[in-house]
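Student: sequence unknown, structure follows:
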């Protein structure tokens, strides 16, 4: 089989940038705690209830182990997710890296603020967390996210790989053998929204103003958004197949015998489809993650169009046209 537009190998520099903030933050928290060792009480106030009053306590050693495990294990999972999301060459990888920087910075700021709050206290049970500490942590997290995004753009400026969207409408393929094309596409706003929701589910770790069930709803809702935010687009001898990367349903397809023509063209989500996501209109349908380049297939019979926003749509359209023309029924 001839492979056209295969999944990309994510640059090692990009993978390292995703993992870096979690490792650095762990080291910073450990260094800060070591520097305050003589000023910390036997038990630290590590959780604060409504009104900011301390309601859970841990030894300094256990606090450090918990924070290190949260940062390092979470960072490892985040790095794997970033590597997987970048295999299709989409722009979501840089966003995953930036959000990872923001999350690591937020958790690190919370840990450092908790240590400073406990430093010098004879007993931790009378401590309370000022609300402005949370504002500082969110500001640090935002700054970390912006820094991460800037570093990704500077360190890996050619990612995702640029594509020639003016590909020919047909491909010169050998008569013998098979050909296939595959890419991954994603919605950056959906990814960001999902990550923000999952990050929000961590709030009960610090303050209990949010009930536990709300944290679970945020976590599951954020995970669902992330799973729905990416789709695999495949063109082969079966035609066009589009399936969500993280969910088994829905699976959208245009069989090869239903392909009249395929082309790459820019689409306007609001103007043509009335919004984003999976859209169904009187004369067209599609999986619309963003404005810009899309693979648009016109079906035989009813003439309806199906569109999916994806990079390198020109190659996909050219291959789909070639395969459709070579079917024995069309000769």
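Tutor: Right, received. Where do you want to start? Keep in mind it's a predicted model, so treat the numbers as computed, not measured.
Student: any idea where the strands of the stretch 201-331 of the chain begin and end?
Tutor: In chain order, the stretch 201-331 of the chain shows strands spanning 230-236, 239-244, 251-255, 259-267, 277-280, 284-288, 292-299, 305-309, with DSSP state E, counting those that start in this stretch as the criterion.
Student: Output the contacting helices and strands for the first one.
Tutor: Same thing as strand 230-236. strand 179-186, strand 239-244, helix 313-325 (3 or more Cβ pairs under 8 Å, 6 or more residues apart in numbering; DSSP states H and E). Just so you know, the C-beta spots here come from the backbone N, C-alpha and C atoms, and that holds for glycine as well.
Student: Let me know which of those is the nearest to residue 263.
Tutor: The closest of the helices and strands packed on strand 230-236 to residue 263 is helix 313-325. By Cβ to Cβ, the value is 5.0 Å.
Student: next one: that closest one to chain centre, how far?
Tutor: Distance of helix 313-325 from the chain centroid (Cα atoms, centre = their mean, to the nearest Å) equals 29 Å.
Student: now stretch 251-264
Tutor: Centroid displacement of stretch 251-264 relative to its chain, using Cα atoms, centre = their mean, is 28 Å.
Student: got it, and stretch 232-241?
Tutor: Using Cα atoms, centre = their mean, the offset of stretch 232-241 from its chain centre is 23 Å.
Student: what's the model's confidence in it, averaged?
Tutor: When pLDDT is averaged along stretch 232-241, the result is 91.
Student: ends of that stretch, how far apart?
Tutor: Terminal residues of stretch 232-241 lie 8 Å apart, using Cα to Cα, to the nearest Å.
Student: all numbers from here: first residue = 435
Tutor: Okay, residue one is now 435; in that scheme the one you just asked about reads as stretch 666-675.
Student: Could you pull out the buried residues of that stretch?
Tutor: By 16 or more other Cβ atoms under 10 Å, the buried positions in stretch 666-675 come out as 666, 667, 668, 669, 670, 673, 674, 675.
Student: which one is the fifth one nearest to, not counting chain neighbours?
Tutor: Here the nearest residue to residue 670 in space, its sequence neighbours aside, is residue 614; by Cβ to Cβ, 6 or more residues apart in numbering that works out to 4.1 Å.
Student: my guess is that neighbour meets residue 672, correct?
Tutor: No - in this structure residue 614 lies outside contact range of residue 672 using Cβ atoms under 8 Å: 9.6 Å.
Student: give me the low-pLDDT residue ranges for the stretch 535-684 of the chain?
Tutor: 591-602, 609-611, 637-646 (pLDDT under 70).
Student: what ranges do the helices span in it?
Tutor: 565-589, 622-634, 646-662 (DSSP state H, counting those that start in this stretch).
Student: Residue 704 is nearest to which of these?
Tutor: helix 622-634 (13.7 Å).
Student: any idea of the angle the closest one forms with helix 565-589?
Tutor: 140 degrees (axes from the mean of the first three to the mean of the last three Cα atoms, to 10 degrees).
Student: Just grab the bridge partners of residue 731 for me.
Tutor: Here residue 731 sits in beta bridges with residue 696, residue 740, going by DSSP bridges.
Student: buried ones in whichever strand or helix holds residue 505?
Tutor: Assessed by DSSP states H and E, residue 505 sits inside helix 494-519. For helix 494-519, the buried set under the neighbour-count rule, 16+ other Cβ under 10 Å, comprises 494, 497-498, 501-502, 504-505, 508-509, 512-513, 515-519.
Student: which of the buried residues of stretch 666-675 sit farthest apart?
Tutor: 666 and 673 (14.5 Å).
Student: Wait, residue 612 touches residue 669, no?
Tutor: No - Residue 612 is not in contact with residue 669 according to Cβ under 8 Å; the separation is 11.5 Å.
Student: thinking again about what came up before, for the helices of the stretch 535-684 of the chain, give me JSON lines that also has distance to residue 731 and mean neighbour count.
Tutor: Below are those laid out as JSON lines (distance: least, Cβ to Cβ, whole Å; neighbours: other Cβ atoms under 10 Å):
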{"stretch": "helix 565-589", "distance to residue 731": "33", "mean neighbour count": "16"}
{"stretch": "helix 622-634", "distance to residue 731": "23", "mean neighbour count": "19"}
{"stretch": "helix 646-662", "distance to residue 731": "22", "mean neighbour count": "16"}
